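1. Give me a model of this one.
(one chain, ligands or ions: 1)
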Amino acid sequence: MDKRTFLKSIFLGTAGVVATGFGSKLLARNRKKWDGIFRLPDLPYSYDALEPFIDGETMKLHHTKHHAAYTDNFNLAVAAAGLTGKSAMAIMKNVSGHADSVRNNGGGYINHRLFWRVLTPVSGRKPSLELSKAIDRDFGSYENFRESFNTASKSVFGSGWAWLIVDENKNLKVTTTYNQDNPMMDIARDKGMPILCLDLWEHAYYMKNQNRRVDYIDAFWNVVDWDYVSKRYENTIKPGKARS
Ligand code: MN
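-> The predicted structure follows:
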């Protein structure tokens, strides 16, 4: 390493530390100063990254049209209801007290936000040891869990979602909801913190699979981000964090 490169590396190293420190302070300040507007999150991968299991055209429309519309309409509904500044989670917990527009668009906003995160183009991810043990405990085996999730997904008549949740006793449970409802809502039949979800609206698969929901459900298992789902599980069962 010559002197110039050496000095440069020291300078960049120091600048890096300063930037990181400044960055995290900025982040903390931004978090406190959230302006109350819900925003469409970026996908953590490109639209065509999940092919051939989920096609790029579907992903693009689903994100830029459907999720974007739920996000915009949730903001309008929240403002109209005088709820600006409340978190999406807090709104979900008391959704029975609000207008249908809050329930439907709030669900649409938060459900898709989770859906993008539980998918990945990286193949071969598996549930962590901790999550595997819980799956075996609550379903008997991974195969039984998958069967249970598939059966639940097929049973939803019309539009809805399938979920793997951690309930208030920290047990895993498969459940379904209609429309854009979710297990975080006070009106849910099975309440809990979702760690995995599958969008069963036709807009999620019709372009590629037409009416064959079963093909879409089968394809879904190839793109589940078990690293993320496992992390979500482990965070949820931490002491004091069991309740959704
Ligand atoms: Mn959708």
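
2. Show me what residue 196 bridges to in the sheet.
-> Judged by DSSP bridges, the bridge partners of residue 196 are residue 164.

3. Assess the claim that it and residue 229 are in contact.
-> Yes. At 5.0 Å, residue 196 counts as touching residue 229 under the criterion of CB atoms under 8 Å. For every residue, glycine as well, the C-beta is placed using N, CA and C.

4. who's more crowded, those two?
-> residue 196 (26 against 22; other CB atoms under 10 Å).

5. okay, and the common contacts of residue 196 and residue 229?
-> Counting by CB atoms under 8 Å, 6 or more residues apart in numbering, the contacts common to residue 196 and residue 229 are 118, 164.

6. Please enumerate the helices of the chain.
-> Secondary structure of the chain (DSSP state H): helices at 3-32, 56-61, 68-80, 88-93, 100-117, 129-139, 142-155, 206-209, 213-220, 226-237.

7. name the helices or strands packed onto the second one?
-> Read that as helix 56-61. When contacts are defined as 3 or more CB pairs under 8 Å, 6 or more residues apart in numbering; DSSP states H and E, helix 56-61 packs onto helix 206-209.

8. Contacts (any at all) between the ion and the helix it packs on?
-> No. Figure legend: helix 206-209 not in contact with the ion (CB under 5 Å from the ion); closest approach 11.0 Å.

9. remind me which residues of this protein are low pLDDT?
-> For the chain, applying pLDDT under 70 flags the ranges 1-32, 240-244.

10. The same query, at a cut-off of 50, please.
-> Along the chain, the parts satisfying pLDDT under 50 run over 1-3, 5-23, 242-244.

11. For the ion, what's its nearest residue on it.
-> Nearest residue of the chain to the ion (CB to the ion) works out as residue 199 at 4.2 Å.

12. Now do the same contact list for the residue nearest in space to the middle of the chain.
-> Nearest to the mean C-alpha position of the chain, counting by CA atoms, centre = their mean, stands residue 114 at 0.9 Å. Residue 114 is in contact with 194, 197, counting by CB under 8 Å, 6+ apart.

13. do residue 36 as well
-> By CB under 8 Å, 6+ apart, residue 36 lies in contact with 78, 84, 85.

14. any idea how far residue 191 is from it?
-> Residue 36 sits 26 Å away from residue 191, taking CB to CB, to the nearest Å as the criterion.

15. Chain neighbours aside, what residue packs nearest to the residue of the chain closest to the ion?
-> residue 115 (5.3 Å; CB to CB, 6 or more residues apart in numbering).

16. give me the number of residues near residue 83?
-> Neighbour tally, residue 83, other CB under 10 Å: 18.

17. same question, residue 137
-> 10.

18. Ok, the one 3 residues further on next?
-> The number of residues packed near residue 140 is 12, by other CB under 10 Å.

19. same thing with residue 99?
-> Around residue 99 sit 12 other residues, with neighbours defined as other CB under 10 Å.

20. The one 3 residues further on now?
-> Taking other CB under 10 Å as the neighbour definition, residue 102 ends up with a count of 22.

21. swap in residue 96?
-> 9.

22. What's the separation between it and residue 222?
-> Counting by CB to CB, the gap from residue 96 to residue 222 is 37 Å.

23. can you list the residues of the chain near the ion?
-> Counting by CB under 5 Å from the ion, the chain sits next to the ion at 199, 201, 204.

24. If we use 8 Å, what do you get?
-> 62, 66, 67, 108, 111, 112, 115, 199, 201, 203, 204 (CB under 8 Å from the ion).

25. now the residues you listed as CSV including neighbour count?
-> Listed next are those as CSV, based on neighbours: other CB atoms under 10 Å:
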residue, neighbour count
62, 23
66, 16
67, 22
108, 22
111, 25
112, 24
115, 19
199, 24
201, 18
203, 13
204, 24
